[in-house]
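[1] Task: produce atomic coordinates for the following.
(one chain, ligands or ions: 2)
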Amino acid sequence: MVVKGAQVKEQTIFSHNGNRIKTEDRDINIIARFEEPLVVVLGSVLDDEECEALIQLSKERLQRSKIGSTKEVSDIRTSSGAFLTDVNNEILARVEKRVSAIMGIPTEHGEGLHILNYKPGQEYKAHYDYFAPTSKAAKNNRISTLVLYLNDVEEGGTTTFPKLGLTVCPQKGMAVYFEYFYNDPLLNELTLHAGAPVVEGEKWIATQWMRRQRVN
Ligand SMILES: O=C(O)CCC(=O)C(=O)O
Ligand SMILES: [Fe+2]
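    Ligands and ions are numbered 1, 2, ... in the order given. Coordinates of the predicted model:
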């Protein structure tokens, strides 16, 4: 625990301070932080070529096979997406490595990058990224999330944290990080978030969810 004035702040997984994160191949700007629960807005995580490559890889995946893709008929998430697992690609590997450095968790704990595409009217209603403690998946539960924005959205498509009164506007190459591995369950519950409906244009994101332990 870190004592800050009269307040006691819980330890976080994210360990970067200051204005910049230095990774092997890129310096990432820390734009804004909400301290508890920790939500960090990051700039210059991906360059244009990387954003476009991830979109292209997911388009190929969605086309090639319906297996491994989720064209869900769900009220909670109306967008369509695919995991980029078992994809052998240099840019993907580079991005996964950088994401791991930002999150401070080895790639092996990640589920693989998940690409989502929202068309106008599509959204991801308010949810938690961690699984209910009673579920089977909670044995190796998620602990942190990085959402990478792969394009600029004309209107709408913000990431909102209704319990924090916080809204993040999608900008190509930027990202939002948050974690929910606090001892205090109330802090974890404050990470409720949503992908607001896209109004104009479309929205592409890549999400990395990290687990407490390795994923097989
Ligand atoms: O679309 C967004 O902005 C949020 C995505 C999200 O919540 C997720 O991928 O878990
Ligand atoms: Fe989420």
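
[2] So which bits of this structure are right by ligand 1?
    For the chain, the residues in contact with ligand 1 (C-beta under 6 Å from any ligand atom) are 124, 129, 145, 147, 159, 193, 195, 205, 207. The C-beta positions use only the backbone N, C-alpha and C, and glycine is treated the same way.

[3] Nearest to ligand 1 among the residues you listed?
    residue 195 (2.6 Å; C-beta to the nearest ligand atom).

[4] picking that back up, among the residues of the chain next to ligand 1, give me the pair with the biggest separation.
    Within the residues of the chain next to ligand 1, 129 and 205 form the most distant pair, 13.1 Å apart (C-beta to C-beta).

[5] If you count surrounding residues, which of the two has more?
    residue 205 (27 against 20; other C-beta atoms under 10 Å).

[6] Is that one located within a strand, as I assumed?
    Yes. Secondary structure of residue 205 (DSSP: H, G, I helix; E, B strand; the rest coil): part of a strand.

[7] Surely it and residue 115 touch.
    Yes. Contact criterion C-beta atoms under 8 Å: residue 205 and residue 115 qualify, at 7.3 Å.

[8] For these two, list the residues in contact with both.
    Listed as contacting both residue 205 and residue 115 by C-beta atoms under 8 Å, 6 or more residues apart in numbering are residue 150.

[9] which stretches of this structure have low pLDDT?
    For the chain, the stretches with pLDDT under 70 are 1-6, 63-74.
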